[in-house]
Each structure stands twice: as C-alpha cells, then as structure tokens.
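Undergrad: Predicted coordinates and the sequence they were generated for:
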Amino acid sequence: MIQTIQLRLLPSVAETPDAVKTAIKQKIGCRDGDITGYQIQKKSIDARGKQIFIQLALRVYVNEPFNPDGSAHIQYQNVRSSSKQVLIIGAGPAGLFAALSLLEMGIKPIILERGKDVRARRRDLASMNKEGAVNPDSNYCFGEGGAGTYSDGKLYTRSNKRGEIHRILDTFIHFGADEKIRYESHPHIGTNKLPQIITCMREMVLECGGEVHFNARVVDIIEKDGKVKSIKTADGSIFDGDACILATGHSARDIFYLFVQKKWIIEAKPFALGVRIEHPQALIDQIQYHCVTRDALLPPAAYSLVHQVNQRGVFSFCMCPGGIIAPASTAEGELVVNGWSPSKRNNPFANSGMVVQIESDEVLPFLKKNNQPIHEELHFLQFQQLVEQSAFKAGGGKLVAPAQRVADFCANQSSANLPENSYLPGLQPCSLKEVLPDFVHQRLVRGIQAFGKKMKGYLTNEAVVVATESRTSSPVKIPRDFSLLHHPQINNLYPCGEGAGYAGGIVSAAMDGDRVAKQIALTFFG
C-alpha cells in the first residue's frame, strides 16, 4: 500500500531518516519493517510559534516495493539534418527551454544571444563590481542563462500548473540540479551552481545539432507579408527560420524601440520599482525564528512582506537569505541593483527588493513635470530609465549606489555613515528622497514602517536601503493571440517569457518557452 501523509516534526527529527520512519510508524500505526521507504513530496518550515517545526508531505510505501517517482525520462532527438528550424532570440530560461522542447519534437533550434557564454560573462560581472564598468551586452541581465543565472536561481512561482512546473524542475534535475528542488517550498539552485547547469543545457542543444550563437545582438527583424523573413545581427549576419521566438528578457529596450519604429503593436505594462534593503542575516534569523542564535539545522531565515498604501501595493521582492547585493545596470549612466545568494546561502547579510506598484496615473504627470516627450507604449520604460539615471548621479559614478540607513530613511534624516554591507562597488550616503519620485518614496516609508510593526526589529539603522531596484519585470508587454500565441500582426513571431510580459521568474519563463515551442510545432509542423 502507498499512503500520502503529513508530518509536523522538530528540525532534529526531520533531518534524521530513522527518526522520520519512527514518526511515520506512529502516524499510520504500522509495525517495524512494514515501511519499505518514503519519498518527500513537500517540505516547508512553520516558524509561527516559538518552537520551529518542519512540515513534511510524504509518500510512504507500506509492505510495497519502494519505487520512488524520479525525474521524467527526457529524450532529445538529433536534429542535425532536420529541415525544420526555429530562430530563438535570447538564451534565458524562456529561450533555453523552448530550444530543449523543440529538440524533443525533432525541430532544430537556432539560438541568438546578444551576450557571452556563462564563463566569459563572469569577467564582465567582475568588471562591474571592481571597476564600475558596464558592458551593454554582457552583464547581470544579458548573457547565457539570462538574468536568473547570476541572480540566484530561485525557482518558486505563483503558477498552479503543477504538471508543467514538475516538468521544468525535472529538466533542471536532469541537467544537474539537486533533487531537493522538487519538494522544497522555496526551491533555489544558487548562483554558484546554476551556470554549470546552463552550460550542460547548451551542450545538449549543440550535441543534438542545434545552434547557439553568442555575441549575436539582434538589430533587425525583417518582415514580409506578415511573417518574419529573417533576423539580422549586429555583425551583419542573416538567419532564416520557419518561425521566430522572441525571448529577450525584461531589459532589452532596443527590441521595444525596434517594435515602435516598425509600428508593430506593443503596450505599456505596469511594473514595480523601489529599493534593495539589507539586514544582517543574524537579525532576520532572530526575528523569524524567535531565537538568539539560529539552530544549525535550520536554513537562513527569509521573509515575505506586503502592505497596501493608498490602494497600491508595497511588497518585498526576490528575497535573498545569506545573499549579496549586485549591480544590474545594462547601460552607462544608469544604476540598478539586484540580489543573489549562493546555494548554501551562507553570506552574513539578507537582502530583498522592497518595491512599489507603479501605475500610469502617477507616471505620466511625473514625465511631464520632467519635460519628457511621452511615448504612449513606452512611458513606464521612460520612467524606469529616469529613476535609474537619478540613482547613478546621486551615487557619483562607477556604479557606487546611493544609500541610507533604514530608520533614517523612514525618519527623513541624513545618514552620516553606512553599516557594513555586501555591495562591492560601494555605497554613498544620500537622502533617497532626492533620488526617488515622491510617490515612490512616501509609499516605501509607510510600507517599511508597517513591516517594522509586523517584524519587531526590522526597522533599524543596522539595515541599509540601496537605490534602485527597478528591473522587477518588463515595463512593456508584447501582445500575442490568446490561443495561437503569435504576435497579432506577424503570424510566425512568438513573443515569449518575461520580456514580453508573460512570465515572472525562471520557472514561469521556462514554462512559457516550453508552451510556445509546442504551439509552433503544432502550427507549422503538425
């Protein structure tokens, strides 16, 4: 017999297989030796009370051969001689998973990535951190694996399509991820491990006869009779395919401007903007685990916060326990910050985006006040860019970021100095009221004050607020047909993933890439 049961255990018990088996026997009332094995289906932490518990959902085998569900068997086909080929612009999760899905169906993917491979990309990231230099084609947002590769590899999603999520997680496991991502409530691979997994995916594409072209920034999408005829890259190369997947990510502004130039339909999309906030990890542990020192069996504590201010959301975003704040700019003269964690999450700081919902009714007056010529489809992008430029000027250059102690930020007081922190280019004490639009600043202050009441000790000058967290999602949406998924004007162009407005993170972007690839196979080759 196979049973699914729920257990609520002390951390010391949950980490000991024999103790878990004893708890299972007590739960279902069986004898020693009846349990042939168990498989964890879901694991989460209950830290609501003073005593911390681990909650486990288990698939238990009782007097039954132990045959745990494993990763689904994935079969990729050799497409070297295939006449069917699809162009994929972008090698982030949407593009990579679209390519892998095409391989399963015997269709040749041709990936065009503006940035470098993961190994070469590291040098440009080091240059950003040490010298404040930005390569507009190779940075934390652009390059093999996309923005998620060096921003942590968080795999949780709000999607409820469990079968599709498991397919994505199984694919990551197939290419080297730890099997724990299948059952952890907030699965995470880690910036130190994800690059090797991405490399293995690329090697599979090449081994099967697909193509991957780096340093291949797309400068033109050539259309004829309502179809993509070919793609032109910056070096003058021309690529042809039966269909084209546009998976360029949330920061490819040149692609958005290309659509405007060609009079192809795009739409302004509300997004969120704010700051990164960083605390000592030990302080977050104390608050969340109600302890002086965190139990070694527990992971570094995380948090998720949301508050409404004037009917607009203020919320934490991309929380990184044991993490590092990093520069995520994609152009000179602009300052963007993001966060990431290694797989062990063992750095001494905890950081999170703290952002405000942005809508047109405040953005359009802000742009007019700043004498900006307004592009209707791009007004959120224009707003994003203005705030990033303001932060860069306040920091003084070389990606030094303007920052303020948290309690000072909420009290509108200057910070004479700043606490020790993880941001390598360096921080500049600054009143962020002079950097952020007033409606953003006010809501952040009220939101953080509310969070300080929910988490006693959160509102403290031991923590620092760093500007600006502005690449939460795409400020533009590229529309597509609801069922056929192609652009309404170009029937073989498939906007996909986070950059087109159809995803919000690695898993949902990968799911969308997989979905689009299957639709292309059905439409063109079915």
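TA: Alright, I've got the coordinates.
Undergrad: okay, now the domains of the protein?
TA: As given by automatic domain parsing, the domain ranges for the chain are 2-62, 85-266+478-525, 270-469.
Undergrad: For Ile74, find the nearest of those.
TA: Ranking those by proximity to Ile74 (Cβ to Cβ) places domain 85-266+478-525 first, at 5.4 Å. For the C-beta atoms, the positions are set from N, CA and C on the backbone; glycine is no exception.
Undergrad: Against which helices or strands is the longest strand belonging to the chain packed?
TA: Looking across the chain with DSSP state E, the single longest strand is strand 35-46. If you count contacts as 3 or more Cβ pairs under 8 Å, 6 or more residues apart in numbering; DSSP states H and E, strand 35-46 packs onto helix 17-28, strand 53-62.
Undergrad: separation between Asn491 and Gly396?
TA: Per Cβ to Cβ, to the nearest Å, Asn491 is found 49 Å from Gly396.
Undergrad: So which of these two has more stuff around it?
TA: Per other Cβ atoms under 10 Å, whichever of Asn491 and Gly396 has more neighbours is Asn491, with 16 against 13.
Undergrad: State the pLDDT value of the more buried one.
TA: For Asn491, the model assigns a pLDDT of 95.
Undergrad: wait, it sits on Gly226?
TA: Yes: applying Cβ atoms under 8 Å, one finds Asn491 in contact with Gly226, separated by 5.9 Å.
Undergrad: got a list of contacts for stretch 304-320?
TA: Stretch 304-320 is contacted from outside by 151-152, 154, 272, 274, 302-303, 338-341, 345, 350-357, 359, 442-444, 446-448, 450-451, 454-455, 469, 472, using Cβ atoms under 8 Å, 6 or more residues apart in numbering.
Undergrad: Among these, which ones are in helices?
TA: Members of these lying in helices (criterion: DSSP state H): Gln442, Arg443, Leu444, Arg446, Gly447, Ile448, Ala450, Phe451, Lys454.
Undergrad: The helix or strand of the chain with the lowest mean pLDDT packs against which elements?
TA: The weakest-scoring helix or strand in the chain, judged by mean pLDDT, DSSP states H and E, is helix 162-174 (a mean of 89). Under the contact criterion of 3+ Cβ pairs under 8 Å, 6+ apart, helix 162-174 touches helix 93-104, helix 506-525.
Undergrad: before we move on, the earlier item: which one of the ones in helices among the contacts of stretch 304-320 is nearest to Val20?
TA: Comparing the ones in helices among the contacts of stretch 304-320 against Val20 with Cβ to Cβ picks out Lys454 as the nearest, at 32.8 Å.
Undergrad: What is the burial count for the closest one?
TA: 12.
Undergrad: quick one: contacts for it?
TA: Going by Cβ under 8 Å, 6+ apart, Lys454 touches Leu305.
Undergrad: cool, and Phe239?
TA: Shown in contact with Phe239 (Cβ under 8 Å, 6+ apart): Leu87, Ile110, Leu112, His213, Ser230, Ile231, Lys232, Thr233.
Undergrad: burial count for His379?
TA: Residues contacting His379 under the criterion other Cβ under 10 Å number 19.
Undergrad: Skip the chain neighbours and tell me the closest residue to Glu164.
TA: Met511 (5.0 Å; Cβ to Cβ, 6 or more residues apart in numbering).
Undergrad: Ok, Lys154 next?
TA: His188 (5.3 Å).
Undergrad: separation between that neighbour and Asp170?
TA: 17 Å.
Undergrad: Which of the two has more residues huddled nearby?
TA: Legend: neighbour count by other Cβ under 10 Å for His188 and Asp170, higher for His188 (25 against 20).
Undergrad: Tell me if I'm right that that one and Ser341 touch.
TA: Yes: taking Cβ under 8 Å as the definition, His188 is a contact partner of Ser341 at 7.0 Å.
Undergrad: shouldn't Gly132 be in contact with Gly396?
TA: No: contact criterion Cβ under 8 Å: Gly132 and Gly396 do not qualify, at 10.1 Å.
Undergrad: just the helices in the stretch 201-350 of the chain please.
TA: Taking DSSP state H, counting those that start in this stretch, the helices of the stretch 201-350 of the chain run over residues 253-261, 281-289.
Undergrad: tell me which residues in stretch 494-505 are buried?
TA: Tyr494, Pro495, Cys496, Gly497, Glu498, Gly499, Ala500, Gly501, Tyr502, Ala503, Gly504, Gly505 (16 or more other Cβ atoms under 10 Å).
Undergrad: contact partners of stretch 127-138?
TA: Contacts of stretch 127-138 with the rest of the structure, by Cβ under 8 Å, 6+ apart, involve 114-116, 120-121, 124, 139-140, 142-143, 215, 217, 326-327, 329-332, 397-400, 424-425.
Undergrad: quick one: average confidence on that stretch?
TA: On average, the pLDDT along stretch 127-138 is 97.
Undergrad: follow-up on the earlier one: could you dump the domains of the chain to CSV with distance to Tyr76?
TA: What follows is the domains of the chain, written out as CSV (distance: least, Cβ to Cβ, whole Å):
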stretch, distance to Tyr76
domain 2-62, 27
domain 85-266+478-525, 4
domain 270-469, 26
